[in-house]
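[1] Structural data only, the sequence is not supplied:
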């Protein structure tokens, strides 16, 4: 891995909803780069555009202008099988509310992206066990979501996002539905995946504790980049980085309690 390599480039991205008096600019020409192996956090107040940004990268919504470039390829030009491959293999998506299928076991939920691309459960077994072991969910593989805790569900969802070996994992408020204990477990596991498996993670969060596991934070305000923080992993511990994050959140307006 070469962490100086740009894996994702966001170029002058805009998203406009409505027209005339109802016109709303959710993104205002935002630009930044994501390096391979980076753990990047996106923070900002409610309505700042951070989830719109994530959904543009995921192709859930189409930007009004600008580019999302993955390894030199503008994804706006993707159609058909190429777009399906991007959504199914190039990116993994970790939702706030887990989005597991209730009638499938944890193992079946994890293997679903592989099944959709013609990979049998038997062929996917080794990868399922690998991620289950790393995320500490091997003991729930045969359980249904209703039999799991919230923390276990989110780690199953994380395994599902990772199973296809995506270039980038997109995480939308992954701790938003978890208590503090399970949030800590999840973030430690994601940080371990980032560090040991060199996975590039782009995470939207309102939680300063969760953000403190990142290597860099972009703060979004009114559809534009307001500030950036970088953590020196060798010189700065998480507690010190957390304090710097909270200080910037307060500058965004209203203190950390209003940053969502």
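    Perfect, I can see it now. Here the structure is a predicted model, which is why all the values come from computation and not from measurement. Numbers count the residues shown, from 1 in each chain.
[2] what's the straight distance from one end of stretch 137-150 to the other?
    This stretch, stretch 137-150, spans 12 Å end to end (C-alpha to C-alpha, to the nearest Å).
[3] Which positions in it come out as buried?
    Neighbour-count burial for stretch 137-150 flags 137, 140-141, 143-145, 148, 150 (criterion: 16 or more other C-beta atoms under 10 Å). Bear in mind the C-beta positions are built from the backbone N, C-alpha and C, glycine included.
[4] For this protein, which residues score under the pLDDT cut-off?
    Within the chain, the segments meeting pLDDT under 70 span 1-4, 253-260.
[5] ok, which stretches of it are strands?
    6-17, 24-35, 39-44, 65-70, 73-74, 91-94, 168-172, 200-204, 216-221, 224-230 (DSSP state E).
[6] of all those strands, which lies closest to residue 160?
    strand 91-94 (7.7 Å; C-beta to C-beta).
[7] List the neighbouring strands of the closest one plus their orientation.
    Its sheet considered, strand 91-94 pairs with strand 168-172 (parallel) by DSSP bridges.
[8] can you list contacts of the partner strand?
    Applying C-beta atoms under 8 Å, 6 or more residues apart in numbering, the contact partners of strand 168-172 are 7-8, 34, 51, 54, 57-58, 70, 90-96, 161-162, 190, 199-205.
[9] got the strands of the chain as TSV, with mean neighbour count columns?
    TSV is the format used below for these (neighbours: other C-beta atoms under 10 Å):
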stretch	mean neighbour count
strand 6-17	18
strand 24-35	18
strand 39-44	26
strand 65-70	17
strand 73-74	14
strand 91-94	23
strand 168-172	23
strand 200-204	25
strand 216-221	22
strand 224-230	15
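[10] quick check, nearest of the buried residues of stretch 137-150 to residue 186?
    Residue 186 lies nearest to residue 150 out of those, by C-beta to C-beta, at 9.7 Å.
[11] now that closest one, nearest residue through space, not along the chain?
    Leaving aside its sequence neighbours, residue 150 sits nearest to residue 178 (C-beta to C-beta, 6 or more residues apart in numbering; 5.4 Å).
[12] And for that neighbour, the neighbour number?
    23 (other C-beta atoms under 10 Å).
[13] Backbone dihedrals for it, please?
    phi -110, psi 150 (degrees, to the nearest 10).
[14] Contacts only, for it.
    150-151, 154, 186.
[15] Let me know the distance separating it from residue 63.
    Residue 178 is 30 Å from residue 63, where distance means C-beta to C-beta, to the nearest Å.
[16] related to what we said a few turns ago, can you list the strands of the chain in JSON lines and add distance to residue 132?
    As requested, the strands of the chain are exported to JSON lines (distance: least, C-beta to C-beta, whole Å):
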{"stretch": "strand 6-17", "distance to residue 132": "26"}
{"stretch": "strand 24-35", "distance to residue 132": "27"}
{"stretch": "strand 39-44", "distance to residue 132": "22"}
{"stretch": "strand 65-70", "distance to residue 132": "28"}
{"stretch": "strand 73-74", "distance to residue 132": "32"}
{"stretch": "strand 91-94", "distance to residue 132": "15"}
{"stretch": "strand 168-172", "distance to residue 132": "17"}
{"stretch": "strand 200-204", "distance to residue 132": "19"}
{"stretch": "strand 216-221", "distance to residue 132": "29"}
{"stretch": "strand 224-230", "distance to residue 132": "33"}
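[17] Thanks again, I'm all set now.
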